[in-house]
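S.K.: Have a look at this prediction, sequence included:
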Amino acid sequence: MTALSPKQEELADLLVRARRNACQLSSLPAHLVPQTSTEAYAVNRKVAEQLGWELLGWKIAGTTEGVKSKLGLDGPIYGRTFRRFACTSPARFKAAELLDPLIECEFFVTLARDLPPREQPWTFAEACDAIGEVHAGIEVAECRYARKALPPMPAILADGSASGRYVFGERIENWRDGLSSVPVRVELDGVLRREGKGADVMGDPLRPLWWLAEQRRHWGDGLRAGETISTGSMTGMLPVRAGQQVCARFGELATIEITIEP
């Protein structure tokens, strides 16, 4: 890792303050937008270091064609997540404490073994063998930039790709039998709003883990046992507002409930 430039340091400082104060930046000067994704991810790493919060692991986004098209992405993106924002279903959040929240139904994969940096690429089978457990999950994604004034994508990568809160549902005991066929339905106040299935995520919702292991192998730090990776939304990005009740059903495997309190 090379040292950050003064502009990158300034952006990291802004994002650290926004995280600590649970607030959004109303605008971002153009000169602070990272020029490349590599610069953006370096800023995200610096933000995590400066915060000093216990890490949960990583989030991955842009794993379906629909989300890639909506965000103008060529491939997946990722960012750091923090354990203080993890909880279990049923969950309750105060609307005033959330930053333009988006509901994203995913699988949460927790590693039992490291996937450390090495010269040869990881295989999909090796990545799966490192998994300790899998849970149904919802990320309540949040962005430190106001939705009405979003900066270019590299600045969002610097913010951890809008990493937010992580609601764990039931543990999926038979995940090794395959998750691609698992249907997912999201209801708001009892009305079906979104649906998808495991295969919508890169053909297999465990493939994003493999992809991230390769990304971090190139960065030289890898993935570590105990880290949880959210593998990308099967139901897109669904905005929620105060007073709404969220219910996500992962086939017959799990149900996750979230209340957004006024």
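M.R.: Great, that's in hand.

S.K.: where does residue 216 fall, helix, sheet strand or coil?
M.R.: Following DSSP: H, G, I helix; E, B strand; the rest coil, we place residue 216 in the helix state.

S.K.: What count of nearby residues applies to it?
M.R.: 20 (other Cβ atoms under 10 Å). For the C-beta atoms, the positions are set from N, CA and C on the backbone; glycine is no exception.

S.K.: same question, residue 110
M.R.: With neighbours defined by other Cβ under 10 Å, the count for residue 110 comes to 18.

S.K.: Identify the spatial nearest neighbour of it, chain neighbours not counted.
M.R.: Leaving aside its sequence neighbours, residue 110 sits nearest to residue 228 (Cβ to Cβ, 6 or more residues apart in numbering; 4.6 Å).

S.K.: so that neighbour sits right up against residue 59, yeah?
M.R.: No. Checked against Cβ atoms under 8 Å, the pair residue 228 and residue 59 is beyond contact range at 9.4 Å.

S.K.: Of these two, which one has the most company?
M.R.: The residue with more neighbours, out of residue 228 and residue 59, is residue 59; 29 against 23, by other Cβ under 10 Å.

S.K.: Could you look up the next helix or strand downstream of the helix or strand harbouring the more buried one?
M.R.: When secondary structure is defined using DSSP states H and E, the element that contains residue 59 is strand 55-61. Using DSSP H and E, the helix or strand that follows strand 55-61 in sequence is helix 65-71.

S.K.: what comes up buried for that following helix?
M.R.: In terms of neighbour count (16 or more other Cβ atoms under 10 Å), helix 65-71 has its buried residues at 67-68.

S.K.: tell me the pLDDT at residue 2?
M.R.: Reading off the per-residue confidence, residue 2 sits at a pLDDT of 68.

S.K.: Repeat that for the one 3 residues further on.
M.R.: At residue 5, the predicted lDDT confidence score is 95.

S.K.: what about it, how many neighbours?
M.R.: Residues near residue 5, counting by other Cβ under 10 Å: 14.

S.K.: from here on, count from 8
M.R.: Got it, the first residue is 8 from now on, which makes the last one we talked about residue 12.

S.K.: picking up where we left off before, over to the residue nearest to residue 117: give its phi and psi.
M.R.: Geometry field for residue 235 lists phi and psi as phi -110, psi 130, criterion degrees, to the nearest 10.

S.K.: so what's it scoring on pLDDT?
M.R.: Each residue has a pLDDT score; the one for residue 235 is 98.

S.K.: Kindly report the same for residue 79.
M.R.: Listed pLDDT for residue 79 reads 89.

S.K.: so how far is residue 24 from it?
M.R.: For residue 79, the distance to residue 24 under the criterion Cβ to Cβ, to the nearest Å works out to 28 Å.

S.K.: what does residue 171 give?
M.R.: Following Cβ to Cβ, the distance that separates residue 171 from residue 24 is 17 Å.

S.K.: between the two, who's got more neighbours?
M.R.: residue 171 (24 against 13).

S.K.: contacting residues for that one?
M.R.: Neighbour list for residue 171: 92, 105-106, 108-109, 146-149 [criterion: Cβ atoms under 8 Å, 6 or more residues apart in numbering].

S.K.: can you list residues touching both of residue 235 and residue 66?
M.R.: With Cβ under 8 Å, 6+ apart applied, the overlap between the contact sets of residue 235 and residue 66 consists of residue 88.

S.K.: who touches the worst-scoring helix or strand of the chain on mean pLDDT?
M.R.: Of all helical and strand segments in the chain, the minimum by mean pLDDT, DSSP states H and E falls on helix 72-78, at a mean of 89. Contacts of helix 72-78 with the rest of the structure, by Cβ under 8 Å, 6+ apart, involve 68-69, 80-82, 160, 207, 239-240, 243-244.
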